[in-house]
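Trainee: here you go, sequence then predicted model.
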Amino acid sequence: MRFLTEPQIEAIRERFGTPVYVYDQRTLEAAADQVLAFPAPCRLVGRFAMKALPTAAVLRIFDAKGLHIDASSGFEAERALRAGIAPEKIQITAQELPKDLKGLVQRGVLFNACSLHQLRHFGELFPGGEVSVRINPGLGSGHNNRTNVGGQSSSFGIWHEKLDQVLALAREFDLRISGLHTHIGSGGDPEVWQRCAALTLAIANRLPDLDRLSLGGGFKVARMPGEKAADLHAIGEALSPAIAAFLAERGRGRDDFQLEIEPGTFLVALAGAILSEIIDVVDTISDAGAGSGGHRFLKIDSGMTELLRPSLYGAQHPIHVVPHGRSAAGHDEDYLIVGHCCESGDILTPGPGDPEGLLPRRLARAEIGDTVVIEGAGAYASGMAASNYNAFPKAAEVLIENEGTTRLVRSRQTLAQSLENEL
């Protein structure tokens, strides 16, 4: 396992119960260091896409490392502010206009307009103001339609062919467009990033007041054996010549232009795990025995209420069985892992990229009461789960600090807390 030992697993389970999210500070900080070392021919800012893991303790770790924050809603911006993040280090890039956009901007939060309507609204609130715009450059690279956030199939950002309308709105409201943001999806191929950067720089050439350029995020991580992670250094090296040429053409120095990258998954995915308990073991194997079809199922006290990605995307996560209160014994067996929800789609072991498919995992022989460890669960887990489905409370979250101590950073929700706003 990546950062957990079996004694740690037993101790965390005994102290905090299951299901429980576990985050590792050393892994978080190592990922932040990689982001901050991204090669760039100018000033670099790394923004954490906080939707990946919005827990305050994690935001504070990244803030201390020097990362800024990208918020996907006004509520996320408020959450970051309450975690102690300075407003000037927070940028809102949202599908839905915050109800209190005026108040947030007046407090110092940055705004990234993601549609012509949003840009007009900002202009009406802040004529003569300064703003960033998100442009869909016409290219996407996500590994499936649900993670592809560029190209004609994506609603994110202003379509690049509408740049004249962006400029017209800027003139109408005397806006200074000082920032340009693009994002194409998940990937790690430097050549794809080069093509995206070329499209982005072509757009940037038409924005005379630009002093800040964001290439977005989507840097692939390797959760499963055989997967290849994005090499941030190689991507940065591949992009630097074109960015340097752009700066030279504009007569901009290294210190008066800012390049931004905006990873979410890359920063947190491998720093998180879910500990859950096996609550039942059932099978659909015919009495005719082996070769007659059917499956063995491990039912756990977690599932889509803590990790929705497998049901949503067919996402793959490393899974381990750790014996509890007994010695490991017997041969490995094939299991399907299913969650505790009364929902046929609550499957933790779907086919790769196929949430409708089933792919048994070869795991240590399991018994009721054993622990199932789901790794690679730092990103889009606690922040994107089917929370409170079947009235299950939100799980606790704990942090393993650098010195090895484990502390609670989010208490387990009670039923009363989940019902407190019902009338």
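Mentor: Noted; the coordinates are in hand.

Trainee: backbone dihedrals for Phe122, please?
Mentor: phi -60, psi -40 (degrees, to the nearest 10).

Trainee: and the helices in this protein?
Mentor: Listed in chain order, the helices of the chain (DSSP state H) span 6-16, 25-36, 56-65, 74-82, 101-106, 116-125, 163-172, 190-204, 232-250, 265-268, 309-313, 415-419.

Trainee: now the fifth one: mean pLDDT?
Mentor: Which is helix 101-106. The average pLDDT for helix 101-106 rounds to 98.

Trainee: who are the packing partners of that helix?
Mentor: helix 74-82, strand 110-113, helix 116-125 (3 or more C-beta pairs under 8 Å, 6 or more residues apart in numbering; DSSP states H and E). Backbone N, C-alpha and C define where each C-beta goes, glycine included.

Trainee: start to end distance for stretch 104-124?
Mentor: 15 Å (C-alpha to C-alpha, to the nearest Å).

Trainee: 12 is where my numbering starts, stick with that
Mentor: Sounds good: first residue 12 from here, last item stretch 115-135.

Trainee: what's the domain layout of the protein?
Mentor: The chain resolves into domains spanning 48-274, 280-430 when parsed by automatic domain parsing.

Trainee: and those domains, which one is worst for confidence?
Mentor: For the domains of the chain, where the average pLDDT is lowest is domain 48-274, sitting at a mean of 92.

Trainee: that domain: how far from the chain's middle?
Mentor: 15 Å (C-alpha atoms, centre = their mean, to the nearest Å).

Trainee: one more: stretch 273-285?
Mentor: On C-alpha atoms, centre = their mean, the centre of stretch 273-285 falls 6 Å from that of its chain.

Trainee: ok, stretch 333-341 next?
Mentor: The answer for stretch 333-341 is 34 Å, by C-alpha atoms, centre = their mean.

Trainee: just checking, Thr295 touches His306?
Mentor: Yes. In this structure Thr295 lies within contact range of His306 using C-beta atoms under 8 Å: 5.6 Å.

Trainee: the more surrounded of those two?
Mentor: The residue with more neighbours, out of Thr295 and His306, is His306; 15 against 10, by other C-beta atoms under 10 Å.

Trainee: relative to Leu323, how far out is the residue lying closest to that one once chain neighbours are set aside?
Mentor: When the adjacent residues along the chain are set aside, His306 lies closest to Leu347, with 5.0 Å between them (C-beta to C-beta, 6 or more residues apart in numbering). Look at Leu347 and Leu323: by C-beta to C-beta, to the nearest Å, they are 18 Å apart.

Trainee: between those two, which one's more packed in?
Mentor: Taking neighbours as other C-beta under 10 Å, Leu347 and Leu323 compare with Leu347 leading, 19 against 16.

Trainee: quickly list what the more buried one is bridged to.
Mentor: Counting by DSSP bridges, Leu347 forms beta bridges with Phe308.

Trainee: contact partners for it?
Mentor: Residues in contact with Leu347 (C-beta atoms under 8 Å, 6 or more residues apart in numbering) are 306-309, 358, 360, 369, 371-372.

Trainee: can you redo those as CSV with distance to Ala280?
Mentor: What follows is the contacts of Leu347, written out as CSV (distance: C-beta to C-beta, whole Å):
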residue, distance to Ala280
His306, 28
Arg307, 28
Phe308, 26
Leu309, 23
Ile358, 20
Thr360, 18
Leu369, 24
Pro371, 24
Arg372, 19
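
Trainee: surely Ile188 is in contact with Leu218?
Mentor: Yes. Between Ile188 and Leu218 there is a contact under C-beta under 8 Å: 5.3 Å.

Trainee: count of neighbours near Ala63?
Mentor: Ala63 has 25 nearby residues by other C-beta under 10 Å.

Trainee: same question for the one 10 residues further on.
Mentor: A total of 24 residues lie near Phe73 under the criterion other C-beta under 10 Å.

Trainee: residue closest to the middle of this protein?
Mentor: Nearest residue to the geometric centre of the chain (C-alpha atoms, centre = their mean): Ala63, 2.8 Å.

Trainee: which pLDDT value goes with the closest residue in space to it that isn't next to it in sequence?
Mentor: What sits nearest to Ala63 in space, not counting adjacent residues and going by C-beta to C-beta, 6+ apart, is Gly275, at 3.3 Å. According to the prediction, Gly275 has pLDDT 96.

Trainee: run a quick neighbour tally on Gly275.
Mentor: 25.

Trainee: which residues touch it?
Mentor: Here Gly275 is in contact with 59-64, 81, 228, 390-391 (C-beta under 8 Å, 6+ apart).

Trainee: repeat for Gly356
Mentor: By C-beta under 8 Å, 6+ apart, the contact set of Gly356 is 315, 322, 366.

Trainee: what about 6 Å?
Mentor: The neighbourhood of Gly356, defined by C-beta atoms under 6 Å, 6 or more residues apart in numbering, consists of Ser322.

Trainee: could you do Leu115 as well?
Mentor: Leu115 sits in contact with 88, 109, where contact means C-beta under 6 Å, 6+ apart.

Trainee: that older thread, confirm for me that the residue nearest to the centre of the chain is in contact with Ala390.
Mentor: Yes. If you go by C-beta atoms under 6 Å, Ala63 and Ala390 touch, sitting 4.3 Å apart.

Trainee: find the residues that touch each one of those two.
Mentor: With C-beta under 6 Å, 6+ apart as the test, Ala63 and Ala390 both reach 276, 279.

Trainee: what about the closest residue to Pro138 other than its chain neighbours, how many neighbours?
Mentor: Closest residue to Pro138 apart from its sequence neighbours, by C-beta to C-beta, 6+ apart: Phe184 at 4.8 Å. The tally of other residues near Phe184 (other C-beta under 10 Å) stands at 18.

Trainee: these two touch, right, Phe184 and Gly134?
Mentor: Yes. Phe184 is within contact range of Gly134, at 3.0 Å (criterion: C-beta under 6 Å).

Trainee: just to revisit the earlier point, now do the residue nearest to the centre of the chain against Cys53, distance only.
Mentor: Counting by C-beta to C-beta, the gap from Ala63 to Cys53 is 26 Å.

Trainee: cool, Arg182 as well?
Mentor: Distance from Arg182 to Cys53, by C-beta to C-beta: 28 Å.

Trainee: cool, and Ala42?
Mentor: 22 Å.

Trainee: equivalent analysis for Val349, please.
Mentor: 50 Å.

Trainee: of these two, which one has the most company?
Mentor: Per other C-beta under 10 Å, whichever of Val349 and Cys53 has more neighbours is Val349, with 23 against 19.

Trainee: show the contacting residues for that one.
Mentor: Here Val349 is in contact with 308, 310, 358 (C-beta under 6 Å, 6+ apart).
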